[in-house]
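In: Predicted model and sequence below, questions to follow.
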Amino acid sequence: MEELTYEQALEELERIVAELEQGQLSLEDSLSKFERGIALVRLCDRKLKSAEMKVEKLIEEQGSLKTEPFED
Amino acid sequence: MDEKGVFTVSELTGYIKGALTSDPALCRLWVRGEISNLTNHSSGHRFFTVKDEKSQLPCVMFRSNSRRLRFELEAGMKVILFGDIDVFERDGRYQFMVMDVRTDGTGELYRAFEQRKAKLAAEGLFDAAHKRKLPGFPSKIGVVTSPTGAVIRDILNVVRRRFPVHIVVAPAIVQGEFAKDSIVRSIGLLNRTDVDVIIIARGGGSLEDLWAFNEEAVVRAVYGSRIPVISAVGHETDYTLADFAADYRAPTPSAAAELVVPDRDEVAVQLSSSGLRLAADMKHCIRNHEHDLVQLSRTVELGNLLTMIKKNRERLSRDGLACHKSMQSRLVLLRTGFKARTGRLDAVSPIGTLRRGYSISLRMPEESLISRCADASQGDQVDIIVQDGKIRCNVRETRTETPWKN
């Protein structure tokens, strides 16, 4: 699940919420969707809290790309 | 010259040429008039006449000079020409050898801008259908701009404040004769990386200062970028051709940064809201199923009792009771399981949200979560949950409006 991007996780969460709201699922399915939903909420929350600024400069040396830290 | 002082044609012509070309007044001069009889020779040399109400002057502009023109010559154009008077001996004609052309008035660059805009628009480079949406949550942003100065600082500050992410700067020269190639190169380099979006930015300036972003090569590079491009060149009222070709145009570099990253706090609130809806839905779901299960257990119990009543009364009532009991214990398990999960949910989000002033609205008596206008109607009882309790209300009206979200 960690490989999901924030965008993907949020989309899946919205889908699960919509499904549960329709109320057509069996209890078993509802519970497992709910658990998945909670896991997605946690993942998004983690990603939000760990968002970090990293600034690099892109340069090309002899045909290949490299990055260096960017000094302002 | 022969013995009686008679010139040959060539000698006379040569004399005239010498007289005219050695006159300093006829060298390096400016002349103003209107272009007519224009021919664009395949060689690249231009032949035309420049005239006013009373006279006309034949002109030639050799390819070495004409290829530096930023715009196309058109008949009827009012121009100021710079060059020398010369004599074309073969035809016995004097002519003006043009080295530079300016449009009469301030419009030279604007003219070039309009011509190029029309040309590239006709090719479809500005079509709306070609434009892509910007990603909602980029994890890596590319920036083409000068590595020093206010522009890059502003972009970094906005991102840092709003939603810190990974930024890759491809430094470019943004003004002058080397800018065009530098910008094209930087766009190309970023296209070889995995950035989610590219910002092209430059501060304000005159049309000359911003000219690099009107160069055809830059426009084509922006159009052809595999990665979505948002351009923020100059001030709010400056439009460059790169802006038209980009997937999105922002009025300033800071605005571009705001468009590209969401606001972290807003996103957190949306996440909380989703979490709450999840819990509320699950609660309803369990309630519905509880009801069904209770009904079912009663029916089964009764059914069992009735069909087996002839065989063994004691065994019947024991079986029925056991069935009922197992249903009940299953319900208890479900309830405790759910409580544990909702307990963990509490740990995830809403309390901090309530403390920051957001509230949760529940329609009573069902306690259903209100997240849009359709969830409530006039006359409904609503409880507004705030951090220290609840406010009980009646709905006066609901009104659908678009709120603050981007």
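Out: Arrived safely. Quantities reported herein were computed from a predicted structural model and do not represent experimental measurements. Numbering: from 1, shown residues only, chains lettered A, B, ... in the order given.

In: Any idea how far apart the tips of stretch B:368-377 sit?
Out: Distance between the two ends of stretch B:368-377: 13 Å, counting by Cα to Cα, to the nearest Å.

In: Tell me which residues touch residue B:399, please.
Out: Listed by Cβ atoms under 8 Å, 6 or more residues apart in numbering or on different chains, the contact partners of residue B:399 are residue B:373. Where C-beta positions appear, they are placed from N, C-alpha and C, glycine not excepted.

In: mind showing which ranges of chain A have poor pLDDT?
Out: A:1, A:72 (pLDDT under 70).

In: at 90 what do you get?
Out: A:1-11, A:13-14, A:16-53, A:61-65, A:70-72 (pLDDT under 90).

In: residue ranges of the helices in it, please?
Out: A:6-22, A:27-50 (DSSP state H).

In: now these in CSV, with distance to residue B:236 and mean neighbour count?
Out: Shown next, in CSV, are those (distance: least, Cβ to Cβ, whole Å; neighbours: other Cβ atoms under 10 Å in any protein chain shown):
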stretch, distance to residue B:236, mean neighbour count
helix A:6-22, 30, 17
helix A:27-50, 32, 17
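
In: quick one: which of these is nearest residue B:58?
Out: helix A:6-22 (66.5 Å; Cβ to Cβ).

In: Checking the residue nearest to residue B:27 when sequence neighbours are not counted next. Helix, strand or coil?
Out: The shortest distance from residue B:27 to any non-neighbouring residue, by Cβ to Cβ, 6 or more residues apart in numbering or on different chains, is to residue B:84 (5.0 Å). What DSSP: H, G, I helix; E, B strand; the rest coil gives for residue B:84 is strand.

In: ok so, going back, save the helices of chain A as JSON lines, and put in distance to residue B:165 too.
Out: Converted to JSON lines, the helices of chain A look like this (distance: least, Cβ to Cβ, whole Å):
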{"stretch": "helix A:6-22", "distance to residue B:165": "10"}
{"stretch": "helix A:27-50", "distance to residue B:165": "11"}
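
In: How about the contacts made by the residue nearest to residue B:27?
Out: Contacts of residue B:84 (Cβ under 8 Å, 6+ apart): B:21, B:26-29, B:96-97, B:99.

In: so which of those is the most crowded?
Out: residue B:96 (23 neighbours; other Cβ atoms under 10 Å in any protein chain shown).

In: List the pairing partners of whichever strand or helix holds it within its sheet, with orientation.
Out: Per DSSP states H and E, residue B:96 falls inside strand B:93-103. Note on strand B:93-103: by DSSP bridges, its sheet partners are strand B:56-61 (parallel), strand B:78-88 (antiparallel).

In: ok, residues contacting it?
Out: So strand B:93-103 is contacted by B:16, B:20, B:31, B:46, B:50, B:57-62, B:65, B:68-69, B:71, B:73, B:77-88, B:108, B:111 (Cβ under 8 Å, 6+ apart).

In: what's the nearest residue to the residue of the stretch 251-400 of chain B found nearest chain A if we skip its chain neighbours?
Out: Per Cβ to the nearest Cβ, residue B:281 is where the stretch 251-400 of chain B lies closest to chain A, at 3.8 Å. Leaving aside its chain neighbours, residue B:281 sits nearest to residue A:20 (3.8 Å; criterion: Cβ to Cβ, 6+ apart).

In: What's the local residue count around the closest residue in space to residue B:215 that isn't next to it in sequence?
Out: Nearest non-adjacent residue to residue B:215, counting by Cβ to Cβ, 6+ apart: residue B:180, 4.3 Å away. By the criterion of other Cβ under 10 Å, residue B:180 has 20 neighbours.

In: give me phi/psi at residue B:180?
Out: Main-chain torsions, residue B:180, degrees, to the nearest 10: phi -50, psi -50.

In: Make sure it is actually in contact with residue B:218.
Out: Yes: the pair residue B:180 / residue B:218 is scored as a contact, 5.8 Å apart, by Cβ atoms under 8 Å.

In: need the contact list for the residue lying farthest from the centre of chain A.
Out: Residue distances from the centre of chain A (Cα atoms, centre = their mean) peak at residue A:62, which lies 35.8 Å from the mean C-alpha position. Contacts here follow Cβ under 8 Å, 6+ apart; on that basis residue A:62 touches nothing.

In: ok, it to residue B:170 distance?
Out: Separation of residue A:62 from residue B:170 (Cβ to Cβ, to the nearest Å): 17 Å.

In: for residue B:28, same thing?
Out: Counting by Cβ to Cβ, the gap from residue B:28 to residue B:170 is 44 Å.

In: can you check residue B:76 too?
Out: Counting by Cβ to Cβ, the gap from residue B:76 to residue B:170 is 44 Å.

In: Next: residue B:279.
Out: Applying Cβ to Cβ, the value for residue B:279 to residue B:170 is 45 Å.

In: For the two, indicate the residue with more neighbours.
Out: Neighbours around residue B:279 and residue B:170, counted as other Cβ under 10 Å, are more numerous at residue B:170. The numbers are 27 against 23.

In: Any idea what the more buried one is bridged to?
Out: Residue B:170 has the following beta-bridge partners by DSSP bridges: residue B:144.

In: got a list of what it touches?
Out: Contacts of residue B:170 by Cβ under 8 Å, 6+ apart are A:57-58, B:142-144, B:186-187, B:189-190.
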